[in-house]
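Trainee: whatever this is, show me its structure:
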Amino acid sequence: MKYGAYLFDVDGYETTITPFLGKLSLNQFDELKVYATQSALTHPYIWLMMENFGYQESDLGHEEDEWDTVEGRVRFWMMIVLAHSCQNIYGTTGHYPTHIRELLQPVENKEYIEKLLFGRPLSELLLQEESVKSDLSPSTVVPFWCKLAVGWLGPQDIDAFSKRLPDWKRELGKLKTSDRQSYLRKEASFKTLVYLLSLASHTKRGLLQALVI
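Mentor: Residues are numbered from 1 along each chain as shown. Predicted coordinates:
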């Protein structure tokens, strides 16, 4: 597994997915399938991201052969719609999450660090519409169509984390004299973090983050 980060057009995704949410909450998926299929055919660049999550272009049109359950097929279509709003920017087989955790543990709590690295659950974005919540069964905690193996950060999250960068840089600086080897390992990961937050801030986008293949 490696760590993947993608620029995420949060507003564009909300605009695209919102018309389908009412039907999804009622377990009606045909309209999502039609849209996802057309989107994949007209925007082939999405497969650069889709392949990182184990999907292949050859899966399109053969969903019933690839997945025995409706859940598997719907997650495939949901991921296509999501990929349409994303742009690949970073992937590594290195130890980026581990280094960032180690660097920030003295100054930030665990939940805060995990949010920085892996974002918010996608369900927070998909289930914020009251009309969607009203269609869901009271026993439904998180519908399966929300359970994609990704997390997201919005522009406000990016701004909040960016404001903490000077403090984190000072924490990194402490290692320069006390633990030179640890400093060198974490310096590269910190530069990656700065790059991801800076690019998202400059483009006024969010980030989508995940462990990928």
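
Trainee: residue farthest from the centroid of the chain?
Mentor: Largest separation from the mean C-alpha position in the chain: residue 177, at 35.7 Å (CA atoms, centre = their mean).

Trainee: which secondary structure element contains that residue?
Mentor: helix 165-178 (DSSP states H and E).

Trainee: residues contacting that helix, please?
Mentor: Contact partners of helix 165-178, identified using CB atoms under 8 Å, 6 or more residues apart in numbering, comprise 103-104, 106-107, 182-183, 186-187, 190, 193-194, 197. All C-beta atoms are positioned from the backbone trio N, CA, C, and that covers glycine.

Trainee: let me see the contact set for residue 44.
Mentor: Going by CB under 8 Å, 6+ apart, residue 44 touches residue 57.

Trainee: how long is stretch 84-97 end to end?
Mentor: Terminal residues of stretch 84-97 lie 26 Å apart, using CA to CA, to the nearest Å.

Trainee: now that stretch: buried residues?
Mentor: Residues of stretch 84-97 classed as buried: 84-87, 89-91, 96-97 (neighbour count, 16 or more other CB atoms under 10 Å).

Trainee: equivalent analysis for stretch 175-183, please.
Mentor: Buried residues in stretch 175-183, counting neighbours by 16+ other CB under 10 Å, are found at 175, 183.

Trainee: now that stretch: mean pLDDT?
Mentor: For stretch 175-183, mean pLDDT is 89.

Trainee: over to stretch 104-115?
Mentor: 97.

Trainee: can you check stretch 76-90 too?
Mentor: 96.

Trainee: need the distance between the two termini of it.
Mentor: 22 Å.

Trainee: compute the inter-axis angle for whichever strand or helix holds residue 185 and helix 165-178.
Mentor: Here residue 185 sits within helix 180-203, counting by DSSP H and E. Between helix 180-203 and helix 165-178, the angle comes out at 160 degrees (axes from the mean of the first three to the mean of the last three CA atoms, to 10 degrees).

Trainee: what would the buried residues of stretch 84-97 look like in CSV with secondary structure?
Mentor: Converted to CSV, the buried residues of stretch 84-97 look like this (DSSP: H, G, I helix; E, B strand; the rest coil):
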residue, secondary structure
84, coil
85, coil
86, strand
87, strand
89, strand
90, strand
91, strand
96, helix
97, helix
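
Trainee: ok so, going back, format the contacts of helix 165-178 as JSON lines; extra columns: distance to residue 19.
Mentor: Converted to JSON lines, the contacts of helix 165-178 look like this (distance: CB to CB, whole Å):
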{"residue": "103", "distance to residue 19": "42"}
{"residue": "104", "distance to residue 19": "39"}
{"residue": "106", "distance to residue 19": "46"}
{"residue": "107", "distance to residue 19": "43"}
{"residue": "182", "distance to residue 19": "50"}
{"residue": "183", "distance to residue 19": "50"}
{"residue": "186", "distance to residue 19": "44"}
{"residue": "187", "distance to residue 19": "46"}
{"residue": "190", "distance to residue 19": "41"}
{"residue": "193", "distance to residue 19": "35"}
{"residue": "194", "distance to residue 19": "37"}
{"residue": "197", "distance to residue 19": "31"}
